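In: Following is a predicted model, sequence given first.
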Amino acid sequence: MTTRTIAGRTVRVDDEGFFEDPGQWDEELAAELAREAGITELTDRHWQVIRYMRKEYAEKGTGPTVRALGKSSGVSVKELYELFPKGPAKLAAKIAGIPKPRGCV
Amino acid sequence: MRRVVILGGGTGGTLAANRLRRRHPGRELEITVVDQDRAHVYQPGLLFVPFGLATPEEIVRPRDRQLLGGIAFLEQPVDRVDLGTDSVRLADGTELAYDVLVVATGARLLPGETEGLLGPGWMRDVFTFYDLAGAAALAARLATFEGGRLVVNVIDMPIKCPVAPLEFAMLADWFLEERGTRDRVEITYVTPLDAAFTKPVAARALAGLLDEKGIELVTEFNTGQVDGESGTLTSFDGREVPFDLAVVVPLHGGAEYVGRSPGLGDDLDFVPADPRTLQSTAKPNVFVIGDAASVPTSKAGSVTHFEGEVLVENVGRFLAGEPLDAEYDGHANCFIETGFHKALMIDFNYDTEPVGGHYPGPVGLPLLKESRLNHLGKLMFQWFYWHTLLPGRDLPGLGPDMPTAGKSLARNRGAGR
């Protein structure tokens, strides 16, 4: 575990930059995290996914997989890849300020 | 009298029923197993069918014949579970009331959820070996495959037996070498994971083996579309992998009735359960075993086997009104066929990732290392499955907990996820 400074605030993150404590996150940080990932503007569709990720994490203790997102977030898997290129579940988790999704073993 | 209803007569349902019957031989417990069909498939055998090393008939037996006396078997699809009234409704309208329900209906293949997978080319140039019909059809296709690009693709996790597609790629390398056509075939392994396998130490060992065998590895590829006409896999982010023959592991979900049963399952129709006690989070009198469960370990027969003992102990405790203190540690154990009459073995649990050493003690089968002994172990396992594992007999010295005595754990303890 390590810390880093985003938009003038110090937060705890893991080796890959995922938040350790979702409570340290707010919408201003999300916008900055998105810019770092090459997403210049967070649209309503982005926010729909980000809010869904945070709700799922709060309820289940882990972020959803891309398949679960596609089924339940109201955004299709295809669009998820357009909104959050490469790995939507990981990237959206990072921007939503939740720990890295555990995925499947 | 108390009633236990077990949904599913596969590995988990059968061994749970038999263990429960042995544990509670009297009439005070009525045990009913429900399944939609009578064909119990020895699923590890599906891997061998495409290469002519097993026939479909050799790996199927009647479900009801695997159950001990004093266990009822009903052949009916499940319509839904009603958690409110503690009852199961079957497709023919029968209502089964239960004191304890055990969900053991495994995972279902969902090829229709991937665009184009069932389109032109399906069962001609695009196959899966994850069911009997697919494995048999693929055997016929491989027997006449003269050369080209063979692509093995996992669409997305979770899947049953996450090592099986790797084994398929390595056995294909061996099979083609034996036939003298290996130099005319490019083999590519395409996975949504960021490595060959989910666990880092094993992933490195397996990636090394793929490399030695000249199997190309494509990672972080999330298949969005399969085009059997042009022979192309396309990922959601627009990358393409061309193929002449594609062997695909389709998306998996839980049984359909789970989705029709309010409150029972998750988005993918798997049933969330406490990973240690296997009690469902839906209701205390519902337990889950095997692939049907949403718990953080692999969907594999060995997991189901090791869960069995804990599940039966906890069902007994629940019925007696005692606290559930039997705990499953996430133990999984897999032989991985690597071709040329060799195999390696991995052994892990919730907290410890697969490492080197020997299983189950310092003198035993080598871990994470190819050997002929492991291959023989894998072949012998089928006998063990029908005659020891399903009947629910205990093996001396092999309990459900992961053994550590023979393992190289010093630097890796706690490294698993």
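Out: Now that the structure is in, tell me what you want to look at. Predicted model, so just to flag it, every value in this text is computed and none were measured. Numbers count the residues shown, from 1 in each chain, chains lettered A, B, ... in the order given.
In: Wait, a strand at residue A:10?
Out: Yes. Read with DSSP: H, G, I helix; E, B strand; the rest coil, residue A:10 is one of the residues of a strand.
In: Tell me the secondary structure of the closest residue to residue A:37 other than its chain neighbours, please.
Out: Beyond its immediate neighbours in the sequence, the residue positioned closest to residue A:37 (C-beta to C-beta, 6 or more residues apart in numbering or on different chains) is residue A:91, lying 5.9 Å away. Every residue, glycine included, has its C-beta placed from N, CA and C. Local secondary structure at residue A:91 is given as helix here, using three-state DSSP.
In: Just want the most central residue of chain A.
Out: Centrality entry for chain A: nearest residue to the mean C-alpha point is residue A:93, 2.3 Å, by C-alpha atoms, centre = their mean.
In: which residues sit in contact with that residue?
Out: Shown here is residue A:93, whose contacts under the criterion C-beta atoms under 8 Å, 6 or more residues apart in numbering or on different chains are A:18, A:53, A:57, A:63, A:99, A:100, A:101.
In: how about the nearest residue to it, chain neighbours excluded?
Out: For residue A:93, ignoring the flanking residues on the chain, the nearest one in space by C-beta to C-beta, 6+ apart is residue A:63 at 4.3 Å.
In: Would you mind confirming that the one you found makes contact with residue A:94?
Out: No. Checked against C-beta atoms under 8 Å, the pair residue A:63 and residue A:94 is beyond contact range at 9.6 Å.
In: anything in contact with each of these two?
Out: Common neighbours of residue A:63 and residue A:94 (criterion: C-beta under 8 Å, 6+ apart): residue A:100.
In: Residue A:79 is in contact with residue A:45, isn't it?
Out: Yes. Assessed by C-beta under 8 Å, residue A:79 is found in contact with residue A:45 at 7.0 Å.
In: Spell out which parts of chain A neighbour chain B.
Out: The interface of chain A toward chain B, taken as C-beta under 8 Å from any C-beta of the partner chain, is made up of A:64-68, A:71-72, A:77-78, A:80-81, A:85-87, A:102-105.
In: Among these, which lie within helices?
Out: Within these, residues falling in helices by DSSP state H are A:66, A:67, A:68, A:71, A:72, A:77, A:78, A:80, A:81.
In: Taking those residues, tell me the two that lie furthest apart.
Out: Every pair in these was compared (C-beta to C-beta); the two farthest apart turn out to be A:72 and A:81, at 16.6 Å.
In: Of these two, give the one with the bigger neighbour count.
Out: Set side by side, residue A:72 and residue A:81 give different neighbour counts by other C-beta atoms under 10 Å in any protein chain shown, the larger being at residue A:81 (21 against 13).
In: contacting residues for the more buried one?
Out: Neighbour list for residue A:81: A:88, B:222, B:224, B:236, B:237 [criterion: C-beta under 8 Å, 6+ apart].
In: tell me which residues in the longest helix along chain A are buried?
Out: With DSSP H applied, the helix covering the greatest number of residues in chain A is identified as helix A:44-60. The neighbour-count criterion (16 or more other C-beta atoms under 10 Å in any protein chain shown) identifies A:46, A:49, A:50, A:52, A:53, A:54, A:56, A:57 as the buried residues of helix A:44-60.
In: What about the contacts of residue A:81, which one has the most neighbours?
Out: With neighbours defined as other C-beta under 10 Å, the most crowded of the contacts of residue A:81 is residue A:88; it has 26 neighbours.
In: returning to that earlier point: show me what contacts the residue nearest to residue A:93?
Out: Counting by C-beta under 8 Å, 6+ apart, residue A:63 touches A:53, A:56, A:57, A:89, A:92, A:93, A:96, A:98, A:99, A:100, A:101.
In: which one among those gets closest to residue B:83?
Out: So of those, ranked by how close each gets to residue B:83 (C-beta to C-beta), first place is residue A:56, at 22.1 Å.
In: related to what we said a few turns ago, so which of the ones in helices among the residues of chain A next to chain B comes closest to residue B:54?
Out: The closest of these to residue B:54 turns out to be residue A:67 (C-beta to C-beta; 31.4 Å).
In: Which of the contacts of residue A:63 scores worst on pLDDT?
Out: Scanning those for pLDDT, the smallest score is found at residue A:101, 85.
In: Quick check, it in contact with residue A:65.
Out: Yes. Because the distance of 6.5 Å satisfies C-beta under 8 Å, residue A:101 is recorded as touching residue A:65.
In: Need the residues touching each of these two.
Out: Residues touching both residue A:101 and residue A:65 (C-beta under 8 Å, 6+ apart) are residue A:89.
In: So which elements touch the longest helix of chain A?
Out: Helices and strands in packing contact with helix A:44-60 are listed as helix A:66-72, helix A:77-83, helix A:88-95; criterion 3 or more C-beta pairs under 8 Å, 6 or more residues apart in numbering or on different chains; DSSP states H and E.
In: most tightly surrounded among these?
Out: Looking across the helices and strands packed on helix A:44-60 with neighbours counted as mean count of other C-beta atoms under 10 Å in any protein chain shown, the highest average goes to helix A:88-95: a mean of 24.
In: What's the local residue count around residue A:5?
Out: 8.
In: repeat for residue B:343
Out: By other C-beta under 10 Å, the burial measure for residue B:343, its neighbour count, is 26.
In: Give the bridge partners for residue B:109, please.
Out: Each beta-bridge partner of residue B:109 is listed here: residue B:252, as defined by DSSP bridges.
In: ok, back up a step: and which of the contacts of residue A:63 is nearest residue B:217?
Out: Out of the contacts of residue A:63, the one with the shortest distance to residue B:217 is residue A:89. That distance is 21.3 Å, counting by C-beta to C-beta.
In: Show me chain B divided up by domain.
Out: Structural domains assigned to chain B are B:2-106+B:255-319, B:111-252, following automatic domain parsing.
In: Just put the ones you listed in CSV and tack on mean pLDDT.
Out: Conversion of the domains of chain B to CSV gives the following (pLDDT from 0 to 100):
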stretch, mean pLDDT
domain B:2-106+B:255-319, 97
domain B:111-252, 96
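In: Can I get these in CSV including distance to residue A:29?
Out: What follows is the domains of chain B, written out as CSV (distance: least, C-beta to C-beta, whole Å):
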stretch, distance to residue A:29
domain B:2-106+B:255-319, 28
domain B:111-252, 25
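In: What is the burial count for residue B:385?
Out: By other C-beta under 10 Å, the residues close to residue B:385 number 20.
In: same thing with the one 10 residues further on?
Out: Taking other C-beta under 10 Å as the criterion, the count of residues near residue B:395 is 11.
In: Likewise for residue B:290?
Out: For residue B:290, the neighbour count with other C-beta under 10 Å is 30.
In: quick one: the residue nearest to it when sequence neighbours are not counted from residue B:371, how far?
Out: Take residue B:290 and drop its neighbours on the chain: the residue closest to it by C-beta to C-beta, 6+ apart is residue B:12, 3.2 Å away. Between residue B:12 and residue B:371 the distance, using C-beta to C-beta, to the nearest Å, works out to 29 Å.
In: what does residue B:261 give?
Out: With the distance defined as C-beta to C-beta, residue B:261 ends up 45 Å from residue B:371.
In: same question, residue B:403
Out: Counting by C-beta to C-beta, the gap from residue B:403 to residue B:371 is 18 Å.
In: cool, and residue B:263?
Out: Spatial separation of residue B:263 from residue B:371 under the definition C-beta to C-beta is 47 Å.
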